[in-house]
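> Sequence first, predicted model second:
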Amino acid sequence: MEDAQSGNQPLRILIADDSDSDRLILQAMLRRLGHEVVEAANGGEAVERFRHASPQIVLLDAVMPGMDGMEAARQIKALAGERLVPLIFLTSLSDADALARCLEAGGDDFLTKPYNRVIIEAKINAFNRMRLMHETLSHQRDLIHEQHRKLTEEQEVAKRVFENVAHTGCLDAGSIRYHASPMSIFNGDILFACPRPDGGIQILIGDFTGHGLPAAIGAMPVAEIFYGMTSKGFSASDVLREINQKLKRILPAGMFCCAALIQADFALNQVQVWNGGLPDGWIIRGDGERLAMPSAHLPLGVLDSHRFDAAMAILQTSPGDTLMFMTDGVLEAASADGDMFGDAGVSAALQGRRDGQTPFEAVIDRLCEFSGGRLEQDDLTLVTLQMAEGGALEGLSDRLQLSALEGPAEWRCTYEIRDRTLGQFSPLPLLLHICMEVPGLRRRSGEIYTLLSELYTNALEHGILGLPSEWKATAEGFGRYYEERERRLNDISEHYIRFSLTHTMTDYGGRLVVVCEDSGHGFDYHQHRQPSGSGHGYAGRGLMLLHRLAGPLTFRERGNHVEIVYDWHFSEAGKTDDAAVHKPGVSHE
């Protein structure tokens with residue numbers, strides 16, 4: 001390689017000249033310099049010799065009979081393609097126009113007659129160095145292209161794996177509209193949506209610092225945590241704490257994730273929102289009124305677990321209200337003049353909505369118009385969620401991440417939480433996970449979670465805390481209810497809630513018996529022999545829901561010992577039926 005770079009490497013040189021004497025002179029000079037010579041007597045022969053011999057340098061007479069040197073030069077350059085083959089014209093021409101035509105035809109330099117050996121050697125060595133440099137650059141370019149191809153293939157494979165993890169949720173639900181424009185194969189934005197077992201939904205939208213694989217590396221564990229915990233019934237606050245702790249541990253300094261987490265409860269027409277570093281979110285009411293939900297927290301992955309605040313803002317909604325969140329890419333979208341879309345663009349789009357136009361359509365249409373249709377210029381994500389009619393607990397399909405193991409069929413377990421733990425920890429995800437180990441119950445995760453949730457909520461809020469349901473009938477009472485709930489949770493002492501779960505197999509399928517006991521004062525269950533639409537404790541909405549989902553409901557002691565029976569059937573395919581065996585009724589012991 002050193003010899004090649006120094007210009008001393010023997011070359012194959014094509015000489016094309018119709019003068020026999022000139023060819024002989026050049027041939028002798030070049031062979032004394034150690035080069036191999038290929039001869040041609042005219043332009044057509046020169047093209048043919050080049051095609052078969054592949055010389056590294058061509059010396060070409062400009063004026064020859066038949067095909068002249070200029071036409072031969074054009075054809076030789078076409079045959080060479082991307083390979084650099086220096087072409088030196090042999091000429092006695094002195095006219096500037098004629099020499100210019102030689103260069104336009106593809107010539108790189110001239111050798112004037114009579115020939116000078118020193119000049120010929122110097123030019124051949126110089127052009128050979130240029131040729132070798134071109135080969136080196138071409139080789140390096142090809143290596144870069146190959147490395148880029150392999151990297152792109154690897155990223156495509158990683159992208160498919162990532163999408164299989166990230167898109168296992170319910171972004172295709174009818175109440176969700178979204179747009180995601182990636183700047184590269186992996187973008188810095190994330191958008192996940194997952195049904196909760198109680199029929200609600202959680203949506204996580206985020207924007208990692210950076211692009212490409214670094215952002216994707218952070219997004220993978222976020223997706224796993226979000227889908228795994230949400231589908232098992234963990235609250236939004238629990239999900240946030242777990243994600244923040246994970247990102248804080250794995251991300252390098254200076255990398256974080258601006259994010260917003262939305263937990264929607266369609267039955268209560270209630271949303272809980274956490275915004276850490278994203279642009280303002282919006283609730284767009286049915287009458288056009290807009291309520292901003294600004295960032296109130298630092299991004300995920302910045303603070304350690306002791307300083308991280310996962311408190312959610314709780315907001316009441318109405319059926320038809322729309323929640324909207326976006327990443328910075330929406331606000332930073334630029335027009336042809338370099339202006340940014342900004343908050344003003346979002347506000348103008350929502351303010352100027354046409355009749356029948358959704359908030360999502362209004363913002364996307366205005367954004368396309370503003371940017372000239374160039375929505376792919378940066379990571380840009382926009383999502384809206386429309387609140388469904390209240391009480392639609394089964395509005396979303398169960399997508400619980402299930403175990404591949406068969407699981408136990410006959411078992412019993414007791415789980416009790418006490419005192420301050422009642423205000424700090426929800427046992428529902430753990431209890432649901434235990435129940436989901438039974439293959440026959442896995443398709444009924446939503447109903448099982450609802451049963452456990454109603455029993456636990458009533459035991460905690462009405463049995464132990466003594467909160468009246470009637471407070472939640474008005475907006476003022478709703479706020480008072482949750483303020484008082486937080487206050488009383490901080491004062492809990494010498495109280496407990498105990499769950500006893502028993503599962504047995506039957507001829508038709510299986511039976512799950514759930515017993516919930518609390519240490520509260522109880523209530524006069526003798527007054528509630530039939531479910532009613534009002535009242536407190538187990539006699540209100542919760543009692544009606546439990547009757548609808550399961551079988552006999554039995555009260556014991558002071559009303560703070562409740563037993564419910566949930567039966568399920570085998571289907572012909574060996575799976576559970578679409579409904580459990582319901583046996584309405586209330587018994588008192």
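That came in fine, so what should we check first? Residues are numbered from 1 along each chain as shown.

> show me the residues around the most centrally placed residue in the chain that make contact.
What sits nearest the mean C-alpha location of the chain, by Cα atoms, centre = their mean, is residue 190, with 3.9 Å. Shown in contact with residue 190 (Cβ atoms under 8 Å, 6 or more residues apart in numbering): 166, 204, 205, 206, 207, 208, 219, 222, 223, 257, 259. (Glycine included, C-beta is placed from N, CA and C.)

> Mind doing that once more with 7 Å?
Shown in contact with residue 190 (Cβ atoms under 7 Å, 6 or more residues apart in numbering): 204, 206, 219, 222.

> And for residue 244?
Counting by Cβ under 7 Å, 6+ apart, residue 244 touches 300, 301, 305, 308.

> are any of those buried, and which?
Buried members of the contacts of residue 244, scored by 16 or more other Cβ atoms under 10 Å, are 300, 301, 308.

> The last one sits in which helix or strand?
By that I understand residue 308. Under DSSP states H and E, no helix or strand contains residue 308.

> And residue 224, by the same measure?
Short version: residue 224 belongs to helix 212-231, going by DSSP H and E.

> now swap in residue 287 and tell me
Short version, using DSSP H and E: residue 287 is in no helix or strand.

> Next up, phi/psi of it, please.
Per-residue torsions, residue 287: phi -90, psi 10 (degrees, to the nearest 10).

> and the gap between residue 461 and residue 497?
11 Å (Cβ to Cβ, to the nearest Å).

> Just list the residues touching residue 497, thanks.
Taking Cβ under 7 Å, 6+ apart, one finds 417, 422, 456, 459, 460, 516, 518 in contact with residue 497.

> ok, so of those residues, who is nearest residue 380?
Ranked by distance to residue 380 (Cβ to Cβ), these are led by residue 456 at 41.1 Å.

> Tell me how many other residues surround the closest one.
Here the count is done by other Cβ atoms under 10 Å, and residue 456 has 21 residues near it.

> for residue 364, same thing?
18.

> Pull the contacting residues for it.
Applying Cβ under 7 Å, 6+ apart, the residues contacting residue 364 are 179, 382.

> doesn't it fall inside a helix?
Yes - per DSSP: H, G, I helix; E, B strand; the rest coil, residue 364 lies within a helix segment.

> Could you identify the longest helix within this protein?
The single longest helix within the chain, with elements called by DSSP state H, is helix 117-166.

> Now do it against helix 212-231: the angle between them, please.
0 degrees (axes from the mean of the first three to the mean of the last three Cα atoms, to 10 degrees).

> helices or strands next to the helix or strand following helix 117-166 in the packing?
Past helix 117-166, further along toward the C-terminus, the next helix or strand under DSSP H and E is strand 176-181. If you count contacts as 3 or more Cβ pairs under 7 Å, 6 or more residues apart in numbering; DSSP states H and E, strand 176-181 packs onto strand 189-195, strand 380-386.

> and strand 176-181, which strands flank it?
If you go by DSSP bridges, strand 176-181 pairs up with strand 380-386 (antiparallel).

> quick one: strands adjacent to the helix or strand following the strand it pairs with?
Downstream of strand 380-386, the next assigned helix or strand under DSSP H and E is strand 411-418. Strand 411-418 pairs in its sheet with strand 496-505 (antiparallel), by DSSP bridges.

> Strand partners (parallel or antiparallel) of the next helix or strand after the partner strand?
Using DSSP H and E, the next helix or strand after strand 496-505 towards the C-terminus is strand 509-518. Strand pairing for strand 509-518, using DSSP bridges, gives strand 496-505 (antiparallel), strand 561-569 (antiparallel).

> Go through the ones you listed and pick out the most buried.
strand 561-569 (a mean of 20; mean count of other Cβ atoms under 10 Å).

> So what touches it?
The contact list for strand 561-569 (Cβ under 7 Å, 6+ apart) reads 440-441, 444, 451, 455, 508-517, 538, 546, 550-555, 576-577, 580-581.

> now do stretch 315-328
189, 205, 207, 260, 262, 269-271, 273, 278-279, 281-286, 359, 379-390, 475, 478.

> that older thread, the longest helix of the chain - what's its average pLDDT?
Mean pLDDT, helix 117-166: 83.
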